[in-house]
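Engineer: sequence first, predicted model second:
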Amino acid sequence: MTTHPSLAAIAEYAGGGRGLDEATVWSIEVHLEDCAECRARLAGSAAADTLALLDRVSAGLDREIAAGPAPARRTRRWLAPRRRWLVAALLPWVTMTVAVLLCALGLNRLLPELPSLVLLLAPVAPLPGVAAAWSRRLDPAGELIASTPAAGLTMLLRRTLVVLAVIVPALALLGTGTRTSLALMLLPCLAFTAGTIALGALIGVPRAAVGLGTLWALAVVVPTVITEDLPVVLRPGSAVLWALTAVVLVGVAMSRAGDFRRLTSHR
């Protein structure tokens with residue numbers, strides 16, 4: 001059963017509490033936090049000058065609020081998940097990648113004797129977007145996000161899925177225009193994406209993307225353009241190998257999930 005302070009104690013407290021000891025003041029304050037009835041008694045026990053002061057303060061606050069800037073709009077809740085899926089740096093990199101693929105298609109139309117440049121670029125097409133999705137330099141809130149419970153491999157996979165949602169349809173459409181095998185267009189793309197994530201757990205996703213992209217360009221793209229001969233790794237019989245490679249690399253990436261909660265994965 002709750003024991004309420006006496007009306008005399010509440011009146012004394014309303015007048016400043018000079019006649020009350022410290023323990024009594026403390027007990028009254030604790031009681032007032034949970035008792036609406038006693039708070040109402042306290043409001044009725046306040047001296048006239050105290051009530052007048054409160055009225056003046058309230059009126060002054062109302063004037064200041066009315067004259068001040070409009071309150072900031074609250075962020076809509078439906079926008080919160082977007083931050084887990086997107087980062088502003090993705091847009092220019094994904095746009096640039098699609099533009100490069102379109103240029104590759106145009107060069108093939110002008111130089112039909114060359115192997116499909118779209119096919120040559122397909123494996124590394126998602127890498128700029130994946131690197132941007134997990135780059136501390138390109139994401140101003142990267143370090144802050146890395147310290148939150150939502151960070152880690154799950155967030156990286158979400159953002160990677162956004163990149164693939166743009167790149168994969170573009171590759172499928174361009175592959176149809178060049179009569180290139182869809183499997184050879186997409187399986188290497190997925191394998192390199194998984195490889196970037198798996199290697200990124202060790203050296204950082206941006207570094208892994210740059211390293212794998214450079215290696216592919218020097219080992220495959222440049223020699224193919226010079227010799228005008230499609231490499232073995234992109235011929236029809238290699239589709240099964242690419243599929244197996246992608247599955248293995250996905251498993252490796254999933255096993256290294258804990259490494260993506262470290263800032264080193266953003267290097």
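Structural biologist: Okay, I see it.

Engineer: where do the helices sit along the protein?
Structural biologist: 7-14, 22-34, 36-45, 48-67, 80-85, 90-110, 117-121, 127-133, 142-146, 153-178, 182-203, 205-216, 222-227, 239-255 (DSSP state H).

Engineer: need the helix or strand of the protein with the lowest average pLDDT.
Structural biologist: Ranked by mean pLDDT, DSSP states H and E, the weakest helix or strand in the chain is helix 80-85, scoring a mean of 51.

Engineer: just to revisit the earlier point, among the helices of the chain, which is the most enclosed?
Structural biologist: Of all the helices of the chain, helix 127-133 carries the top mean neighbour count, a mean of 26, counting by mean count of other CB atoms under 10 Å. Yep, even glycine has a C-beta here, placed from its N, CA and C like the rest.

Engineer: give me the mean pLDDT for that helix.
Structural biologist: Throughout helix 127-133, pLDDT has a mean value of 88.

Engineer: how about stretch 207-222?
Structural biologist: 93.

Engineer: now do stretch 58-70
Structural biologist: 79.

Engineer: measure residue 93 to residue 217 for me?
Structural biologist: As defined by CB to CB, to the nearest Å, residue 93 lies at a distance of 17 Å from residue 217.

Engineer: meant to ask about residue 69
Structural biologist: Using CB to CB, residue 69 is found at 52 Å from residue 217.

Engineer: next: residue 28.
Structural biologist: Taking CB to CB as the measure, residue 28 falls 77 Å from residue 217.

Engineer: go on, residue 133?
Structural biologist: 21 Å.

Engineer: then residue 191?
Structural biologist: Taken as CB to CB, the span from residue 191 to residue 217 is 16 Å.

Engineer: and the gap between residue 68 and residue 58?
Structural biologist: Between residue 68 and residue 58 the computed distance is 16 Å (CB to CB).

Engineer: quick check, residue 172 in contact with residue 186.
Structural biologist: Yes. Residue 172 lies in contact with residue 186 (CB atoms under 8 Å); the separation is 7.1 Å.

Engineer: list the backbone torsions phi and psi for residue 19.
Structural biologist: phi -90, psi 10 (degrees, to the nearest 10).

Engineer: that one - how many residues pack around it?
Structural biologist: 11 (other CB atoms under 10 Å).

Engineer: ok, for it, nearest residue in space, not its chain neighbours?
Structural biologist: Distance criterion CB to CB, 6 or more residues apart in numbering; nearest residue to residue 19, sequence neighbours excluded, is residue 12 at 5.2 Å.

Engineer: cool, thanks, talk later.
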